[in-house]
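Colleague: sequence and computational prediction follow.
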Amino acid sequence: MLSYYQNLGAGQTEWVLSIIFMILRKFAMSPSKSGQEFVKHFGSEAIYECFSILQRNMSRNLKGNPDEEEEKLMLSISCIYFLKYCSYNPYLQPYFSYKDVGYCLKSSLKNEEKLLNELTHE
(Lines give C-alpha, C1' and ligand atoms only; values in the text may rest on other atoms or scores of the structure.)
Protein backbone atom coordinates (compact mmCIF):
# COMPACT_ATOMS: atom_id res chain seq x y z
CA MET A 1 0.00 0.00 0.00
CA LEU A 2 2.16 2.88 1.21
CA SER A 3 5.47 1.01 1.07
CA TYR A 4 5.69 2.22 -2.53
CA TYR A 5 7.12 5.47 -1.13
CA GLN A 6 10.75 4.51 -0.55
CA ASN A 7 12.33 7.95 -0.93
CA LEU A 8 10.47 10.22 1.45
CA GLY A 9 12.33 13.32 0.27
CA ALA A 10 11.49 12.99 -3.41
CA GLY A 11 9.29 15.73 -4.79
CA GLN A 12 6.11 16.24 -2.80
CA THR A 13 6.17 12.81 -1.16
CA GLU A 14 5.93 14.13 2.41
CA TRP A 15 2.97 16.31 1.51
CA VAL A 16 1.18 13.49 -0.32
CA LEU A 17 1.72 11.05 2.56
CA SER A 18 0.57 13.66 5.09
CA ILE A 19 -2.70 14.09 3.19
CA ILE A 20 -3.11 10.31 2.87
CA PHE A 21 -2.72 9.85 6.64
CA MET A 22 -5.21 12.66 7.31
CA ILE A 23 -7.74 10.88 5.07
CA LEU A 24 -7.00 7.48 6.62
CA ARG A 25 -7.46 9.03 10.08
CA LYS A 26 -10.95 10.12 9.08
CA PHE A 27 -11.77 6.59 7.92
CA ALA A 28 -10.37 5.09 11.13
CA MET A 29 -12.51 7.44 13.24
CA SER A 30 -15.68 7.10 11.19
CA PRO A 31 -18.57 5.02 12.53
CA SER A 32 -19.87 4.70 8.96
CA LYS A 33 -19.88 1.43 7.06
CA SER A 34 -16.94 2.59 4.91
CA GLY A 35 -14.99 3.49 8.05
CA GLN A 36 -15.69 0.11 9.58
CA GLU A 37 -14.68 -1.63 6.35
CA PHE A 38 -11.42 0.32 6.26
CA VAL A 39 -10.62 -0.63 9.84
CA LYS A 40 -11.50 -4.27 9.27
CA HIS A 41 -9.63 -4.77 5.99
CA PHE A 42 -6.82 -2.22 5.99
CA GLY A 43 -6.39 -0.94 9.54
CA SER A 44 -3.55 -3.18 10.62
CA GLU A 45 -1.60 -2.66 7.38
CA ALA A 46 -2.08 1.12 7.55
CA ILE A 47 -0.79 1.18 11.13
CA TYR A 48 2.24 -0.92 10.24
CA GLU A 49 3.01 1.27 7.21
CA CYS A 50 2.57 4.41 9.27
CA PHE A 51 5.04 3.24 11.90
CA SER A 52 7.51 2.31 9.14
CA ILE A 53 7.18 5.71 7.45
CA LEU A 54 7.44 7.53 10.77
CA GLN A 55 10.63 5.69 11.64
CA ARG A 56 12.22 6.38 8.24
CA ASN A 57 11.09 9.99 8.32
CA MET A 58 12.50 10.63 11.78
CA SER A 59 15.89 9.19 10.79
CA ARG A 60 16.38 11.67 7.93
CA ASN A 61 19.01 14.35 8.58
CA LEU A 62 17.85 17.47 6.80
CA LYS A 63 20.20 19.91 8.47
CA GLY A 64 20.45 23.15 6.55
CA ASN A 65 17.32 22.61 4.48
CA PRO A 66 14.44 24.42 6.21
CA ASP A 67 11.86 23.53 3.54
CA GLU A 68 12.60 19.81 3.84
CA GLU A 69 12.65 20.09 7.65
CA GLU A 70 9.17 21.61 7.54
CA GLU A 71 7.90 18.82 5.27
CA LYS A 72 9.49 16.24 7.57
CA LEU A 73 7.70 17.78 10.55
CA MET A 74 4.38 17.86 8.69
CA LEU A 75 4.66 14.16 7.82
CA SER A 76 5.66 13.19 11.37
CA ILE A 77 2.71 15.08 12.84
CA SER A 78 0.29 13.47 10.37
CA CYS A 79 1.63 10.01 11.24
CA ILE A 80 1.39 10.65 14.98
CA TYR A 81 -2.19 11.94 14.73
CA PHE A 82 -3.19 8.95 12.61
CA LEU A 83 -1.69 6.56 15.15
CA LYS A 84 -3.22 8.45 18.05
CA TYR A 85 -6.74 8.19 16.64
CA CYS A 86 -6.27 4.57 15.61
CA SER A 87 -5.27 3.78 19.19
CA TYR A 88 -8.74 4.92 20.32
CA ASN A 89 -10.42 2.28 18.17
CA PRO A 90 -10.89 -0.92 20.21
CA TYR A 91 -10.60 -3.05 17.06
CA LEU A 92 -7.19 -1.52 16.22
CA GLN A 93 -5.72 -1.40 19.73
CA PRO A 94 -4.20 -4.91 19.54
CA TYR A 95 -1.96 -3.71 16.69
CA PHE A 96 -0.23 -1.34 19.10
CA SER A 97 0.98 -4.08 21.43
CA TYR A 98 3.57 -5.71 19.18
CA LYS A 99 7.22 -5.35 20.13
CA ASP A 100 7.95 -3.95 16.66
CA VAL A 101 5.79 -0.95 17.50
CA GLY A 102 7.79 -0.25 20.64
CA TYR A 103 11.03 -0.63 18.75
CA CYS A 104 9.84 1.73 16.03
CA LEU A 105 8.83 4.43 18.49
CA LYS A 106 12.02 4.04 20.48
CA SER A 107 14.13 4.15 17.33
CA SER A 108 12.27 7.22 16.02
CA LEU A 109 12.80 9.12 19.24
CA LYS A 110 16.49 8.13 19.42
CA ASN A 111 17.02 9.27 15.84
CA GLU A 112 15.42 12.61 16.53
CA GLU A 113 17.44 13.05 19.72
CA LYS A 114 20.64 12.21 17.84
CA LEU A 115 19.87 14.75 15.13
CA LEU A 116 19.01 17.42 17.70
CA ASN A 117 22.27 16.75 19.55
CA GLU A 118 24.22 17.10 16.32
CA LEU A 119 22.57 20.45 15.67
CA THR A 120 23.24 21.81 19.14
CA HIS A 121 26.92 20.79 19.10
CA GLU A 122 27.77 22.69 15.93
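Modeller: Perfect, I can see it now.
Colleague: now do the helices in the chain.
Modeller: 13-29, 33-58, 66-87, 99-120 (DSSP state H).
Colleague: need these in TSV with mean neighbour count, can you?
Modeller: Heads up, the C-betas are built off the backbone N, CA and C, glycines and all. Below are the helices of the chain laid out as TSV (neighbours: other CB atoms under 10 Å):
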stretch	mean neighbour count
helix 13-29	18
helix 33-58	18
helix 66-87	17
helix 99-120	13
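Colleague: ok, of these, where does mean pLDDT dip lowest?
Modeller: If those are sorted by mean pLDDT, helix 99-120 sits at the bottom with a mean of 67.
Colleague: rewinding a little: just send the helices of the chain back as a markdown table, with distance to Q93 too.
Modeller: What follows is the helices of the chain, written out as a markdown table (distance: least, CB to CB, whole Å):
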| stretch | distance to Q93 |
| --- | --- |
| helix 13-29 | 12 |
| helix 33-58 | 10 |
| helix 66-87 | 6 |
| helix 99-120 | 11 |
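Colleague: need the contact list for N89.
Modeller: 28-29, 39, 43 (CB atoms under 8 Å, 6 or more residues apart in numbering).
Colleague: with S87 instead?
Modeller: So S87 contacts 93, 96 (CB under 8 Å, 6+ apart).
Colleague: switch to 10 Å and redo it
Modeller: By CB atoms under 10 Å, 6 or more residues apart in numbering, the residues touching S87 are 28, 47, 93, 95-96.
Colleague: and the furthest pair within those residues?
Modeller: Using CB to CB, the contacts of S87 reach their maximum pairwise distance at A28 and F96, which is 12.6 Å.
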